[in-house]
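>>> coordinates for the following, if possible.
(one chain, ligands or ions: 1)
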Amino acid sequence: MKYAIIGGTGVYNLRDNVKEIGVDTPYGRIEFTIMEKSGKEIIFLPRHGKGHGRPPHLINYLGNMWALKEYGVEFVFSTVAVGSTRTDIIPGDIVLINDFIDFTKSRPMTFYDGSDGVVHVSMAEPYCNMLGREIIKRIKYEIKNDIIYVCTEGPRFETAAEINFYRQIGGDVVGMTNVPEVVLAKELSMCYTAVGIVTNMCTGLSDQEASGAEIISIVNEKKEYIIDLFVDIILNGDLRTDTCDCRSSLIKV
Ligand code: HPA
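So this is what the prediction gives:
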């Protein structure tokens, strides 16, 4: 079995990198590192490229997810940096994302462009429930669950009016990268989960805008713990492919 960890903002490598490999995809070459532990291969893919090179709207989402599938990955764990729209979710909190609302505008969204007929993918459970249960079982920090993620196009931050609207329609946290990543994982029948690190209050909710340095410093405080949690679940968890819907979500019409 192969497993992947996708690192978001500020999460660019694993501590025990063993080898680097590249996979050629129809969307370009994707490079990642592989760590081997207890006979399991754990792939690490920095979402933004090494050193945060690509802005959210220009990430090669199709190439990244295709490369993981091509390499044989079944389970994908990801981290995302998010802002909070709620006063009871504050910087430093860790959240488990359960659903999303998509406000992206211009990014390639799907592998199903019509050449295989019309294919829809169910979004009844966008994030894998089985992986979510494992995270809740094993995490030692408090984690806020049932979180709705609003995905914006970026790279600009939101206006105060937009954040007010997102909160009113049920959005708990806001980020720029989880769509289409979570959708593409489902299109390729991989289990996918996302743990959010809350780096700031969204626009209009605090007197001062978070600086880039503050965002990175909050991620730095939490990232090793979250990566260790993912590795613990990969090595010791009860990961199976028959207790979730991730492999039966395609609807061909
Ligand atoms: N908005 C959008 N994306 C983000 C934010 C935010 O406030 N914080 C971290 N990623």
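>>> show me what counts as buried in stretch 150-166.
150, 151, 152, 154, 157, 158, 162, 163, 166 (16 or more other C-beta atoms under 10 Å). Every residue, glycine included, has its C-beta placed from N, CA and C.
>>> report the rounded mean pLDDT for the helix or strand hosting residue 66.
Assessed by DSSP states H and E, residue 66 sits inside helix 61-71. Averaged across helix 61-71, pLDDT comes to 97.
>>> other SSEs contacting that helix?
strand 2-7, strand 19-25, strand 28-37, strand 40-46, helix 178-187 (3 or more C-beta pairs under 8 Å, 6 or more residues apart in numbering; DSSP states H and E).
>>> quick revisit: tell me which of the buried residues of stretch 150-166 fall in helices.
162, 163, 166 (DSSP state H).
>>> which ones are touching the residue found closest to the last one once you drop the neighbours it is linked to in the chain?
Right, residue 166. The shortest distance from residue 166 to any non-neighbouring residue, by C-beta to C-beta, 6 or more residues apart in numbering, is to residue 150 (4.6 Å). The contact partners of residue 150, by C-beta atoms under 8 Å, 6 or more residues apart in numbering, come to 85, 100, 101, 103, 166, 171, 173, 174, 175.
>>> which of those residues come close to the ligand?
Among the contacts of residue 150, the residues that sit close to the ligand (C-beta under 6 Å from any ligand atom) are 174, 175.
>>> roughly how far does the residue nearest to residue 166 sit from the ligand?
8 Å (C-beta to the nearest ligand atom, to the nearest Å).
>>> how many neighbours does the residue in the chain that the ligand sits nearest to have?
Nearest to the ligand in the chain, going by C-beta to the nearest ligand atom, is residue 83, at a distance of 2.3 Å. For residue 83, the count of nearby residues is 27 (other C-beta atoms under 10 Å).
>>> not counting sequence-adjacent ones, nearest residue to it?
Nearest to residue 83 is residue 202, by C-beta to C-beta, 6+ apart, at 4.0 Å.
>>> same check on residue 142?
residue 94 (7.3 Å).
>>> now residue 23
Sequence neighbours aside, residue 67 is the residue nearest to residue 23 in space, at 4.0 Å (criterion: C-beta to C-beta, 6+ apart).
>>> isn't that neighbour up against residue 30?
Yes - contact criterion C-beta atoms under 8 Å: residue 67 and residue 30 qualify, at 3.7 Å.
>>> OK, contacts around the residue nearest to residue 83?
Contacts of residue 202 by C-beta under 8 Å, 6+ apart are 83, 84, 85, 158, 163, 166, 174.
>>> shaky segments in the stretch 1-150 of the chain?
Scanning the stretch 1-150 of the chain for pLDDT under 70 picks out 10-17, 51-52.
>>> same thing but 90
1, 8-19, 36-39, 48-54, 114-117 (pLDDT under 90).
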